[in-house]
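Asker: I'll drop the sequence and a predicted model, then ask my questions.
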Amino acid sequence: MEKYLVSLDDAERAALLDVTRKGKAAARRIAHARILLLADEGRPDDEIAATVAVGTRTVSRVRKRLVTEGLGSALDHRPQPPRPDKLKIKGDVEQELVRLACADPPEGRCCWTLQLLADELVALGRATKVSRETVRQSLQKTTSTPGWSGPGASRRRRTGSLSGGWRT
């Protein structure tokens, strides 16, 4: 594995010391600043990892990002890329799900359950396999019930008071 050498100038070192001394930044940002300061002193990766309480792979990644991308990207967290392939219910399938959830439940049932909706999507051939959690997440982000502005496909019902106290 290639080792990237860290050499900071006075302004960068002062900025990193400022991050670590104030303690007002995110924990990951402070840890990365400490890693870079220790790497600038010439300490080995395993010693830095033990001092900062991170893995040696993290130390090498922070070194590499400093050398290849600069100080800002070495300190900041790189967000995870969006994962559109993980969305199982989208487009036409989502519309079909909302239509099912708003329709009358099957005979013998008083309301749709998440598992019933998932099974119905599979039975209709709109999906090969769908979990009830996927159905829940998909319905939670919709605002499809006619005449109601709250999120979700089914209307929440108010529960009455269980105490025999005064009504207000």
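Answerer: Cool, got the structure. Numbering: from 1, shown residues only.
Asker: any idea which helix or strand carries the nearest residue to Leu71 once chain neighbours are set aside?
Answerer: Nearest residue to Leu71, sequence neighbours excluded (Cβ to Cβ, 6 or more residues apart in numbering): Glu12, at 5.6 Å. Quick note: C-beta positions are derived from backbone N, CA and C, even for glycine. Assigned by DSSP states H and E, Glu12 belongs to helix 10-22.
Asker: now that helix: how far from the chain's centre is it?
Answerer: 30 Å (Cα atoms, centre = their mean, to the nearest Å).
Asker: for stretch 131-144, same thing?
Answerer: 17 Å.
Asker: can you show me the helices along the protein?
Answerer: With DSSP state H, the ranges of helices along the chain come out as 10-22, 27-40, 45-52, 56-69, 71-75, 92-102, 114-123, 132-140.
Asker: taking their axis directions, the last one and helix 114-123 sit at what angle?
Answerer: Read it as helix 132-140. Between helix 132-140 and helix 114-123, the angle comes out at 100 degrees (axes from the mean of the first three to the mean of the last three Cα atoms, to 10 degrees).
Asker: quick one: helix 132-140 to helix 92-102, angle?
Answerer: 80 degrees.
Asker: what's the answer for the second one, then?
Answerer: Orientation of helix 27-40 against helix 92-102 (the same axes, to 10 degrees) gives an angle of 150 degrees.
Asker: which residues are contacting helix 27-40?
Answerer: Here helix 27-40 makes contact (Cβ atoms under 8 Å, 6 or more residues apart in numbering) with 6-8, 13, 16-17, 19-20, 23, 25, 47-48, 51-54, 58-59, 62-63, 66, 71, 74-77.
Asker: flag the shaky bits of this protein, pLDDT-wise.
Answerer: 1, 84-87, 142-168 (pLDDT under 70).
Asker: domain ranges for it, per the record?
Answerer: In terms of domains, the chain is parsed into 10-75, 85-140 (source: automatic domain parsing).
Asker: for those, give me a markdown table that also has mean neighbour count and distance to Glu2.
Answerer: Converted to a markdown table, those look like this (neighbours: other Cβ atoms under 10 Å; distance: least, Cβ to Cβ, whole Å):
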| stretch | mean neighbour count | distance to Glu2 |
| --- | --- | --- |
| domain 10-75 | 16 | 8 |
| domain 85-140 | 14 | 31 |
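Asker: who's in contact with Lys22?
Answerer: Contacts of Lys22 (Cβ under 8 Å, 6+ apart): none.
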